[in-house]
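**Q** Okay, sequence plus prediction incoming.
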Amino acid sequence: MKKLSCALVILLASLTQVSAQDYGNTPYMGLKAGANISTFRLTSNVPEGWTNGWNVGPVGGIFGNLPVAKRLSFQIEALYGVWAGTIKKGTSLAETVQRTNYASLPVMLKFHPSEKFKI
C-alpha cells in the first residue's frame with residue numbers, strides 16, 4: 001500500500017504544469033472517458049426469486065475551459081453515457097438488462113485563488 005501511495009504521489013507531481021503567474025486560467029479543450037457502474041434498485045412488490053445485478057457502461061465526451069476573468073472561468077462539458085442494470089430470476093437463465101443512454105451538458109464555475117489551486 002505504501003508503494004502504491006508513493007507511486008501515486010510521484011505520478012500526480014509529474015503531471016503538474018509550470019506557469020508564470022497565469023493562474024492556469026487559459027482556454028483549452030480536452031477529451032473525457034470513463035465508466036459508469038450502475039444497478040437498478042428493486043423496491044416493494046418484487047416477486048419472489050427476483051434479484052438485481054450490476055452493469056458497467058461507457059461514458060465519454062469533450063470539455064473546455066472558458067476564462068471570463070483573470071481568476072474565474074467556466075468548464076463546459078458535453079458527455080454521453082450509459083446506465084444499465086440487470087434483473088435476474090433465481091438461478092435460471094432468465095435475465096433482463098435495461099439500458100438508459102443519456103447526454104448531459106454540465107457547466108462548472110471555477111475560481112483560481114492561486115496558480116496551482118482551483119475551486
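**A** That came through, no problem.
**Q** Any buried residues in stretch 40-47, and which?
**A** For stretch 40-47, a neighbour-count test (16 or more other CB atoms under 10 Å) marks residue 40 as buried. Using the backbone N, CA and C atoms, a C-beta is placed for each residue, glycine as well.
**Q** what does the average pLDDT come to for it?
**A** Across stretch 40-47, pLDDT averages out at 80.
**Q** Kindly report the same for stretch 62-79.
**A** Mean predicted confidence for stretch 62-79 is 93.
**Q** residues making contact with that stretch?
**A** Residues outside stretch 62-79 that contact it (CB atoms under 8 Å, 6 or more residues apart in numbering): 23, 25-32, 59-61, 103-113.
**Q** Excluding sequence neighbours, find me the nearest residue to residue 49.
**A** Nearest residue to residue 49, sequence neighbours excluded (CB to CB, 6 or more residues apart in numbering): residue 90, at 4.2 Å.
**Q** Tell me how many other residues crowd the one you found.
**A** By the measure other CB atoms under 10 Å, the count of residues near residue 90 is 10.
**Q** Distance of it relative to residue 48?
**A** 9 Å (CB to CB, to the nearest Å).
**Q** lowest-pLDDT helix or strand in this protein?
**A** Across the helices and strands of the chain, mean pLDDT, DSSP states H and E gives its lowest value to helix 2-14, namely a mean of 59.
**Q** who touches the next helix or strand after that helix?
**A** Remark: after helix 2-14, the chain's next helix or strand is strand 28-38, criterion DSSP states H and E. Outside strand 28-38, the residues that touch it by CB under 8 Å, 6+ apart are 54-65, 77, 79, 81-85.
**Q** Nearest residue to the middle of the chain?
**A** For the chain, the residue sitting closest to the mean C-alpha position, by CA atoms, centre = their mean, is residue 34 at 6.3 Å.
**Q** Tell me the secondary structure at residue 42.
**A** Three-state call for residue 42 (DSSP: H, G, I helix; E, B strand; the rest coil): coil.
**Q** partners of the longest strand seen in the chain in the sheet?
**A** Identified as the longest strand of the chain according to DSSP state E is strand 50-69. For strand 50-69, the paired strands and their directions (DSSP bridges) read strand 28-38 (antiparallel), strand 72-89 (antiparallel).
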